[in-house]
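Okay, structure incoming, though there's no sequence with it:
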């Protein structure tokens, strides 16, 4: 093998290794981004479950809030907006979660809580 062939093989090897390094970096960045989105979604689900488990009368007495929370070692801004209906049978609840590191990456959900007429919403004659 001549010296030119060896140099040519090393150049091709270098190009291939740089390409593989770039692909590895892209995969790592995508993985980190997916982790942040999954964690933010889990925090949003946790907050929705918390607000969904509060009795309607307790929720109706609360006001809209905005604060910071820490979940899993990560800090988030949390905004909870409560909008009662005119007939006081429903409350619209909106939760917005944004990581403190990138507050523009927000996630939100909105649901409606209803005031059950009796002890059980499934029991119409109770």
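Everything's here; your move. This structure is a prediction, so every number in the text was calculated from the model and none was measured.

Helices of this protein, start to end?
3-53, 56-61 (DSSP state H).

Confidence-wise, which of those helices is weakest overall?
Among these, helix 56-61 carries the lowest mean pLDDT, at a mean of 85.

For that helix, name the packing helices and strands.
Applying 3 or more CB pairs under 8 Å, 6 or more residues apart in numbering; DSSP states H and E, one finds that helix 56-61 contacts strand 90-99, strand 107-114. Yep, even glycine has a C-beta here, placed from its N, CA and C like the rest.

Just the buried residues of it, please?
By 16 or more other CB atoms under 10 Å, the buried positions in helix 56-61 come out as residue 59.

where's that helix relative to the chain centroid, distance-wise?
Relative to its chain's centre, helix 56-61 lies at 25 Å (CA atoms, centre = their mean, to the nearest Å).

thinking again about what came up before, right, and the helices of the chain - which one's nearest residue 80?
With CB to CB as the criterion, residue 80 lies closest to helix 3-53 of the helices of the chain, at 7.1 Å.

quick check: angle from the closest one to strand 107-114?
Put simply, helix 3-53 runs at 20 degrees to strand 107-114, going by axes from the mean of the first three to the mean of the last three CA atoms, to 10 degrees.

what's across from residue 90 in the sheet?
residue 114 (DSSP bridges).

Surely it and residue 83 touch.
No - applying CB atoms under 8 Å, one finds residue 90 not in contact with residue 83, separated by 9.1 Å.

Redo the helices of the chain as TSV? Include distance to residue 75.
Shown next, in TSV, are the helices of the chain (distance: least, CB to CB, whole Å):
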stretch	distance to residue 75
helix 3-53	10
helix 56-61	25
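
most packed of the helices and strands packed on helix 56-61?
Mean neighbour count (mean count of other CB atoms under 10 Å) peaks for strand 90-99 among those, with a mean of 18.

Report all helices and strands that that one contacts.
helix 3-53, helix 56-61, strand 74-84, strand 107-114.

any idea of the mean pLDDT in that strand?
90.

from the chain's centre, how far out does that strand sit?
12 Å.

which residues are in contact with that strand?
36, 40, 43-44, 47-48, 51, 56, 59-60, 74-85, 104-115 (CB atoms under 8 Å, 6 or more residues apart in numbering).
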